[in-house]
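Undergrad: this one's structure only:
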């Protein structure tokens, strides 16, 4: 029994990775220490991390001993990452190739006595497994990040400091921001990895091993990020502006390292997606026959694989300044603090589009299915994604209107900022065009899409006041900006992400989620979040600055803060409904029909859950994907082996009979 | 109808002569896989270009005073020497790639070996220079451009060391005869990476050694 | 397409020519960078950047074979040359 248990444990990649990573981090720290001692430099002081663990977080002035400790622990974290990746098994095949061996075939082979669920906790190259790994990790990270938000939101409910001190408050807003960013990026990875290959009619990604690697490099990054809190925290917020981040406690370096490592995931993952989209589309799938979600992923990946380097550069330069005292950001010695902000926002503004573009793609994907109408203005939506991606490079300095930037630059950046509303508006008009006169079915995915539509619209409309100089300078660094950002990301990504999870849930698990619980989740989430965001807008207009742990009751936004906190708790608790619904339905849900929403997408024509390699023969695309309601319109030709036969008694929410076929004509392929 | 459906399947599955057909996975033809790899490598290079462009922007913004550009005080002779060494190394990598394309094993192995040695000499040169420069200024002394010297050469040297490991792998596989004219993606990717590192140095050499006037020591 | 096929020695020669060109450009760079007075430009920044861009272009085109990205056949002919 024990042997069997240990054997299973050994076959779980995560466990192996953690063990090897831990050993590697100790080895790395010791090696660094020895090397430093050999060169006569200061060595690590074990007391410093211990003191950080037990609450002494502020460094009065960074001594050489502090710096040495930081370098040694930092090298430990880097070794941990390598050890973890090696232990998980993501480097095995590449190592075999580099020493001239053949390596594995990259596919999953079940082993005797090892349960198949271990597959999801181990290195795997199948894009659907990787997608599910991304998805579960992203939801977990988002939940942890949301928990931190609830903690400091409770602190803000009343004037005065109740149970957090300033340092803790700063730590929590910083870690909340970063965890949410990581969670959302993982969510983008989940959607794009799971869906893109099936949607374009491919059997897997272009580089399956790289795909597995790009997921697993995110796990040590997330662990290192969480480590920053016990290691003294960081008081800079998620933006890590120097000079504060250069002086921040030990926890800061774990943030910098973790985000730098996470950058590999973004870059490698997006390159993989780009090659897949460029090279592996099914025959007949021209650019303008691509599902609209794939356009969103394409645009986002183009941003991601370039701009992420700047994020890495910004963070690594701060880390280098902390480690070596090169005065990049020390004005007294010729450094330039504004430079950091430029480099940082050159990534961090486009990153919003990296999240939002796939999210908007999901909305464009779901709306026609539930309105039973062709997607209005397909080309306009597709190209507007590309336009947003391109414009996304040119607006970064609107985050810096009140910084030390040359005031002359404000005007051009205001203009580009307002221009980016145009391609976004194109999407809205096309969505209205899609809904207009449609036969609208309200089901949970559709509810979330409509919720995303409304919230993203509100986010869009509150953009110009933030971007226009006249109002923007007043609103800068107030809760208005917080509300604008949150409503945009909730509308643009989070609601669409939930919509996508509900929508593709029957395809992923083969079972139906509970519709009632789904609706409960929606109304709690939508009501809670909308109330939260609207109160925050008001608080911001009244002038409450962001990142302040405290405010005076005389300023008159105490009750609004209380309302926002209650609303945040409502929205947060709805996630429990969601997690329960997903976990329960995945196991005990009603068996779903192959194509419960009667979608025309390729992924819906094949069996649920999707077979290991999606298609046994590559489908051929002969029509347009969104010709809902057009009689006789055919999108794709699939091999009869792939065409799933609809289950007789399976549950279909859209049960009204309809004259249109799903648009797929099965034909026999010669030779089969 | 059936013929139109057949064509793409033949196109994708043109190498299905192997018996092992992984439960429905259609193997990707080597020429197609090569194009995947090339595109992936080039996208990676474009991505890295953004990193180095960012570093150059940092250098341009930070390395100015009221007079114009400044540069750290470095040995011009050594700079020219290591630049030439890296260019020569790039030449030998290219020569090795041409050789393996024509199945010229001897020249392939010799060229990759020479490129490898020159790459190592470059790293030793940078290390020597760090040592020399460190007598005058450390990373944190003087104007920020002095620190930029360490940052830029350091990040570039990390890439060079990665490239050397890459070339070493290619060399060891090469002398065991793992590459042929038909199949040498390993050589091609290592060469692409190595040339890219060289291109980066083309700009870094100018940025660190040649533009501007020598910075005044600031105390 | 026989006439397009390049022999091995021609390719070796091309590599050498490219190296010579790069060396010449580097020498010019060095001369500009270390000169006290420049005849045409007030600052060395512009000519040096231009030369660096040319050098990078030469390497990307002749050593990195960027054209293989959109013209893979070219290389197939070369491969069958010997």
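TA: Ah, there it is. Keep in mind it's a predicted model, so treat the numbers as computed, not measured.

Undergrad: mind listing the strands for chain C?
TA: Assigned by DSSP state E, the strands in chain C number zero.

Undergrad: go on, chain B?
TA: B:64-65, B:68-71, B:213-214.

Undergrad: which parts of chain A are strands?
TA: A:620-621, A:636-637.

Undergrad: what residue in chain C comes nearest to chain B?
TA: residue C:33 (2.8 Å; CB to the nearest CB). For every residue, glycine as well, the C-beta is placed using N, CA and C.

Undergrad: what is the burial count for that residue?
TA: The tally of other residues near residue C:33 (other CB atoms under 10 Å in any protein chain shown) stands at 21.

Undergrad: ok, now residue A:465?
TA: Neighbour count for residue A:465, taken as other CB under 10 Å: 16.

Undergrad: residues contacting it?
TA: Applying CB atoms under 8 Å, 6 or more residues apart in numbering or on different chains, we find residue A:465 in contact with A:471, A:472, A:475, A:480.

Undergrad: per-residue confidence for the second one?
TA: Yep, that's residue A:472 we're talking about. Looking at residue A:472, its pLDDT reads 88.

Undergrad: ok, it touching residue A:399?
TA: No: the pair residue A:472 / residue A:399 is not scored as a contact, 10.2 Å apart, by CB atoms under 8 Å.

Undergrad: on that earlier part again, who wins on neighbours among the contacts of residue A:465?
TA: Top of the contacts of residue A:465 by neighbour count (other CB under 10 Å): residue A:480, with 26 neighbours.

Undergrad: from residue B:61, how far off is that one?
TA: 31 Å (CB to CB, to the nearest Å).

Undergrad: again with residue A:114
TA: 55 Å.

Undergrad: so what's the residue count around the residue in the stretch 101-250 of chain A that chain B sits nearest to?
TA: The minimum distance from the stretch 101-250 of chain A to chain B, using CB to the nearest CB, falls at residue A:206 (4.7 Å). For residue A:206, the neighbour count with other CB under 10 Å is 26.

Undergrad: contacting residues for the residue of chain B found nearest chain C?
TA: Nearest residue of chain B to chain C, counting by CB to the nearest CB: residue B:210, 2.8 Å away. Residues near residue B:210 by CB under 8 Å, 6+ apart: B:71, C:29, C:30, C:32, C:33, C:34, C:44, C:48.

Undergrad: so what's the first one bridging to?
TA: Note on residue B:71: beta-bridge partners residue B:214, judged by DSSP bridges.

Undergrad: so what does the worst-scoring helix or strand of chain A on mean pLDDT touch, helix or strand wise?
TA: Lowest mean confidence among the helices and strands of chain A (mean pLDDT, DSSP states H and E): helix A:47-53, at a mean of 76. Packing partners of helix A:47-53 (3 or more CB pairs under 8 Å, 6 or more residues apart in numbering or on different chains; DSSP states H and E): helix A:64-88.

Undergrad: returning to what we had before: which one among the contacts of residue A:465 gets closest to chain B?
TA: residue A:472 (24.7 Å).

Undergrad: tell me the contacts of the closest one?
TA: A:398, A:401, A:414, A:465, A:466.

Undergrad: could you rerun that using 10 Å?
TA: Neighbour list for residue A:472: A:398, A:401, A:402, A:410, A:414, A:417, A:463, A:464, A:465, A:466, A:480, A:481 [criterion: CB atoms under 10 Å, 6 or more residues apart in numbering or on different chains].

Undergrad: from those residues, which would you call buried?
TA: A:398, A:401, A:410, A:414, A:417, A:463, A:465, A:466, A:480, A:481 (16 or more other CB atoms under 10 Å in any protein chain shown).

Undergrad: just those: which are in helices?
TA: A:410, A:414, A:417, A:463, A:465, A:466, A:480, A:481 (DSSP state H).

Undergrad: of these, which pair is most distant in space?
TA: Using CB to CB, those span at most 18.2 Å, a distance reached by A:410 and A:480.

Undergrad: show me where pLDDT drops low in chain B?
TA: Applying pLDDT under 70 to chain B flags residues B:1-23, B:217-219.

Undergrad: show me where chain C has its helices.
TA: Secondary structure of chain C (DSSP H): helices at C:8-34, C:45-58, C:72-79.

Undergrad: out of the ones you listed, which gets nearest to residue A:561?
TA: helix C:45-58 (53.5 Å).

Undergrad: quick one on the thing from earlier: going by distance to residue A:603, which of the buried ones among the contacts of residue A:472 wins?
TA: residue A:463 (33.5 Å).

Undergrad: for that closest one, what are its contacts?
TA: For residue A:463, counting by CB under 10 Å, 6+ apart, the contacting residues are A:398, A:417, A:418, A:420, A:421, A:424, A:472, A:484, A:488.

Undergrad: show the contacting residues for the closest residue to chain A within chain C.
TA: Of all residues in chain C, the one sitting closest to chain A is residue C:69 (10.8 Å; CB to the nearest CB). Residues near residue C:69 by CB under 10 Å, 6+ apart: B:35, B:38, B:39, B:41, B:42.

Undergrad: residue of the stretch 551-672 of chain A closest to chain C, please.
TA: residue A:618 (20.7 Å).

Undergrad: and that residue, how many neighbours?
TA: By the criterion of other CB under 10 Å, residue A:618 has 24 neighbours.

Undergrad: same thing with residue A:442?
TA: By other CB under 10 Å, 11 other residues sit near residue A:442.

Undergrad: low-confidence ranges in chain C?
TA: Using pLDDT under 70, chain C drops low at C:1-6, C:37-42, C:73-82.

Undergrad: can you list the residues of it near chain A?
TA: Within reach of chain A by CB under 10 Å from any CB of the partner chain, chain C has no residues at all.

Undergrad: center of chain C - which residue?
TA: residue C:58 (2.4 Å; CA atoms, centre = their mean).

Undergrad: coming back round to it: go through the least confident helix or strand of chain A and flag the buried ones.
TA: A:48, A:49, A:52.

Undergrad: distance to residue A:202 added to those, as CSV?
TA: Below are these laid out as CSV (distance: CB to CB, whole Å):
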residue, distance to residue A:202
A:48, 51
A:49, 47
A:52, 48
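
Undergrad: quick one, what contacts the residue nearest to residue A:411 when sequence neighbours are not counted?
TA: Spatially, and ignoring its direct neighbours in sequence, residue A:411 is nearest to residue A:469 (7.4 Å; CB to CB, 6 or more residues apart in numbering or on different chains). Taking CB under 10 Å, 6+ apart, we find residue A:469 in contact with A:398, A:401, A:407, A:410, A:411, A:413, A:414, A:417.

Undergrad: filter the contacts of residue B:210 down to the buried ones.
TA: The neighbour count (16+ other CB under 10 Å) marks B:71, C:29, C:30, C:32, C:33, C:44, C:48 as buried among the contacts of residue B:210.

Undergrad: test my guess that residue A:404 contacts residue A:336.
TA: Yes: with contact taken as CB atoms under 10 Å, residue A:404 and residue A:336 are classed as touching, separated by 8.8 Å.
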